[in-house]
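Enquirer: This is a predicted model, with the sequence first.
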Amino acid sequence: EVQLVESGGGLVQPGGSLRLSCATSGFVLSDYYIDWVRQAPGMGLEWLARTRNKANGYSTEYAASVKGRFTISRDDSRSSVYLQMNSLKTEETAIYYCSRRSEISGTYHFDHWGQGTVVTVSS
Amino acid sequence: DIQMTQSPSTLSASVGDRVTITCRASQSINSLLTWYQQKPGKAPKVLIYKASNLESGVPSRFSGSGSGTEFTLTISSLQPDDFATYYCQQHETYPLTFGGGTKVEVQ
């Protein structure tokens, strides 16, 4: 069974840092792209970052809103993906989800999601 | 960035109704559009990928159509389990972007 489990959320002060983890199981992580998506309270979904698979050199993409402050990384040996978040702002209070991109040829949707981890940025 | 505009933002309907949600992209995204369903306190769940392909395990009352810049999600006969929020997402260009969501509520 494919599973993604986020952890590492919590309360952090504005300007602070937090590192989120996404533990995966049920599939070979190195074969897959993994993304982070967030959802502020009562709001819609916002894509944040992507790490491509081994075949694509583990390259990364970021949303402009987080580029330079957030870093996505992965450790396939630990079946985990991380999101290092620095210089956090109050408006980044949200549920943070990791998701797996489908590897069925020609499809690009997120076929599995974690349950999310809550990040609260407040003084 | 490609803007994804969903309409309506809220839809009131009854069990058995046919429901249609529209998603418009600010530029062509070919067919690289996905529809997700999200219930309160839960992660999104994929319904339709590549505009018109039904995800495995999703009831056949859900269907998707469209290409280019205009897409629709149709629920042929609304069921009690379908009251939720629906999002479209484009996968054509970075940054990946979502529509603002359509909440389907009980009339």
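Expert: It's in. Residues are numbered from 1 along each chain as shown, chains lettered A, B, ... in the order given.

Enquirer: quick one, what contacts residue 23?
Expert: In the absence of a named chain, this looks at chain A. By Cβ atoms under 8 Å, 6 or more residues apart in numbering or on different chains, the residues touching residue A:23 are A:3-7, A:79-80. Where you see a C-beta, it was placed from the backbone N, CA and C, and this is true even at glycine.

Enquirer: To clarify, I was referring to chain B.
Expert: B:4-6, B:33, B:35, B:66, B:70-73, B:88, B:99.

Enquirer: Spatially central, which residue of the chain would that be?
Expert: No chain in the question, so chain A it is. residue A:36 (2.6 Å; Cα atoms, centre = their mean).

Enquirer: other chain: chain B
Expert: Most central in chain B (Cα atoms, centre = their mean) works out to residue B:35, at 3.8 Å.

Enquirer: ok but that residue is inside a strand, no?
Expert: Yes - residue state for residue B:35 (DSSP: H, G, I helix; E, B strand; the rest coil) corresponds to a strand.

Enquirer: For the closest residue to it other than its chain neighbours, what are phi and psi?
Expert: In this structure, residue B:35 finds its nearest non-sequential neighbour in residue B:48, 4.2 Å apart by Cβ to Cβ, 6 or more residues apart in numbering or on different chains. Dihedral angles of residue B:48 (phi, psi; degrees, to the nearest 10) stand at phi -130, psi 130.

Enquirer: what does the one 10 residues further on give?
Expert: Here is the backbone geometry of residue B:58 (degrees, to the nearest 10): phi -90, psi 130.

Enquirer: Pull the number of nearby residues for it.
Expert: Number of residues near residue B:58 (other Cβ atoms under 10 Å in any protein chain shown) recorded here: 17.

Enquirer: didn't it look like it was pressed against residue B:49?
Expert: No - if you go by Cβ atoms under 8 Å, residue B:58 and residue B:49 don't touch, sitting 10.0 Å apart.

Enquirer: interface residues of chain B facing chain A?
Expert: Contacts of chain B with chain A, taken as Cβ under 8 Å from any Cβ of the partner chain, map to B:1, B:32, B:34, B:36, B:38, B:42-46, B:49-50, B:53, B:55, B:87, B:89, B:91, B:94-101.

Enquirer: Just to be sure, which of the residues you listed are found in strands?
Expert: B:34, B:36, B:38, B:45-46, B:49, B:53, B:87, B:89, B:97-98 (DSSP state E).

Enquirer: quick one: residue A:61 is in a helix?
Expert: No - Residue A:61 is assigned strand when assessed by three-state DSSP, not a helix.

Enquirer: residues in contact with the residue lying closest to it once chain neighbours are set aside?
Expert: With Cβ to Cβ, 6+ apart as the criterion, residue A:61 has its nearest non-adjacent residue at 4.5 Å, and that residue is residue A:50. Counting by Cβ under 8 Å, 6+ apart, residue A:50 touches A:33-36, A:60-62, A:72, A:101, B:94, B:96.
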